[in-house]
Each structure stands twice: as C-alpha cells, then as structure tokens.
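>>> just to be clear, the model below is a prediction. Sequence and coordinates:
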Amino acid sequence: MYTPPMFKSDRAASLAFAEARGFGTVCAWDGNKPIASSLPFYLGYADDGTPQAAFHVARHNPLLRLADGTSSWLMAVNGHDAYVSPDWYASPDQVPTWLYQSVHLTGTVRTLADAELGSHLDALSAKFEGWLPSKPPWMTSKMTAGRLDAMKKAIVGLVMNVEDVEGSFKLNQQKSEADYAAIANALASQTDTGSLRIAGLMRETRPQAFAAEMVQNKEAVERTTP
C-alpha cells in the first residue's frame, strides 16, 4: 500500500479499524491472474500474539486451492470515503481529492479443520449479531441438525496469519486548519453517508481546527439567551 507518512496509521489503530469494520476483500495470485472475494471476517490472536483473520468461502471458490499455508494473500478493508471539491477550500489553487480509510492485511492462509468450523461460524455470527441489540442473537443452534450439516459441507473455513499490517487514513491532515475545517464543514452539509462519516472523523481527529468555530457558536448562543 502506498501511504504518505502523514496518512499512515499505526499497527494498533489499523487492526482496531479492521476488527470494527469486519468486512473486506481477500485477494490471492493463482499464477496467471489475481482471484478475489469480498467477505465478512473477525480477528483473533494466536498464542504468540500474531493477529489472525478468520473467514470462510464457498467450497467451489477458486481461492481454496491457493490456501496452501505458504502463499501470501491480501485482505483489503475499506471504510467510508468521500469526494472533495476544490471549491470547498478556504485557500485557492486546490485540486480534487478523495478522503478515505483503508487497511491492508497480508499473510499466509490455511484451511480450518471440519471440527473447527462450528465454533468459527458461531464466533462470526456473534460478532455481527452483537450489532443488533434489539433482538436475541442468532446462533447455529437455532438450525436443524440436517440443515446445519448441509451448510457446513458447502463452505470451507480459512484463517490468515497476519504478517503485515498497513493502514492509510487520508483525512486531509496535511492541510491548514482553515482548509481542514472548511472541508469538514462542506462534507457535513452533504447528504450521503460517506461524506457525513468522513466529516465526523475529521472533527474527531483534529478538534483544534474547530476551536474558533466553537467559540463563535458559544458567543452567538450567549447573545441570544435572555
């Protein structure tokens, strides 16, 4: 991953982002061309602290024959993104750009034993069912034995031993405070989810850029308060 120093995230932040996102695109080289699939995953850790990304694919997925435990795979995990217009900056002579968060995990991949598949499916579903607090979590135990067995036979579990972690959080960190605040405010006025989320991240990342704005807002409230 090409990452200018000002956008590079540290290992802990990159892993936390990947775990929170839980969805990525895995890619491997078959000798002639890249093979890729987009899928959910969860992170665990080996006894020695090595991060491990666990996921599964359909049994007929061509990626399976590349899971030899020695070939290097890439998992790209992307977050929200947003287009930035040059017209939004406070200063002139700007160019269009795109803001985003992305993490790449690289490592070898092995298949899970059949006996490991049940716990893998429960751990994966528990991760995402936890996002839905308004209902009891779904578990594989809710399926009939025959249907669950048929489902397990149709997939193969995989684990990536993550050897390299690269993160790029491009949020206009290199810009002046005036330009930074102007872009965040412009994004906050858009209607798409990506722009709104990036605007929020910019405020969290560099709150000092909005200090003057907060003072002005406070003074305006005080002037209108009886």
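Happy to help now that I have it.
>>> average pLDDT across stretch 72-80?
Over the span of stretch 72-80, the pLDDT mean works out to 97.
>>> ok, which stretches of the protein are helices?
Shown for the chain, the helices assigned by DSSP state H span residues 11-21, 114-129, 145-153, 177-188, 193-205, 211-224.
>>> which one of those helices has the lowest average pLDDT?
Looking across these, the weakest by mean pLDDT turns out to be helix 211-224, at a mean of 56.
>>> turn the helices of the chain into CSV, including mean neighbour count and distance to Met75.
Yep, even glycine has a C-beta here, placed from its N, CA and C like the rest. Below are the helices of the chain laid out as CSV (neighbours: other CB atoms under 10 Å; distance: least, CB to CB, whole Å):
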stretch, mean neighbour count, distance to Met75
helix 11-21, 17, 8
helix 114-129, 15, 15
helix 145-153, 12, 23
helix 177-188, 19, 28
helix 193-205, 18, 21
helix 211-224, 10, 38
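>>> need the contact partners of stretch 180-189.
Surrounding stretch 180-189, the residues in contact under the criterion CB atoms under 8 Å, 6 or more residues apart in numbering are 82, 84-85, 88-90, 99, 172-173, 175, 195-196, 198-200, 202-203, 206, 209-210, 213.
>>> thinking again about what came up before, mind putting the helices of the chain in CSV, distance to Leu39 included?
CSV is the format used below for the helices of the chain (distance: least, CB to CB, whole Å):
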stretch, distance to Leu39
helix 11-21, 12
helix 114-129, 10
helix 145-153, 15
helix 177-188, 29
helix 193-205, 21
helix 211-224, 41
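>>> indicate which one of those is closest to Phe55.
Among the helices of the chain, helix 114-129 comes nearest to Phe55, with 7.6 Å by CB to CB.
>>> packing partners for the closest one?
strand 34-40, strand 42-45, strand 51-58, helix 145-153, strand 155-170 (3 or more CB pairs under 8 Å, 6 or more residues apart in numbering; DSSP states H and E).
>>> what about dumping the CA coordinates of the last one to CSV?
It stands for strand 155-170. Once non-C-alpha atoms are left out, strand 155-170 reads as follows in CSV (Å, rounded to 0.1, in the frame of the first residue of the first chain):
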residue,chain,number,x,y,z
ILE,A,155,-18.2,-24.0,2.8
VAL,A,156,-14.6,-24.1,4.0
GLY,A,157,-13.2,-22.1,6.9
LEU,A,158,-10.0,-20.2,6.4
VAL,A,159,-7.5,-18.4,8.7
MET,A,160,-5.0,-15.8,7.6
ASN,A,161,-1.9,-15.4,9.9
VAL,A,162,-1.5,-11.6,9.5
GLU,A,163,2.2,-10.9,8.9
ASP,A,164,2.0,-7.3,7.7
VAL,A,165,-0.5,-4.5,8.6
GLU,A,166,-0.7,-1.3,6.6
GLY,A,167,-3.2,1.5,7.2
SER,A,168,-3.9,4.7,5.4
PHE,A,169,-6.3,7.2,7.0
LYS,A,170,-6.4,10.0,4.5
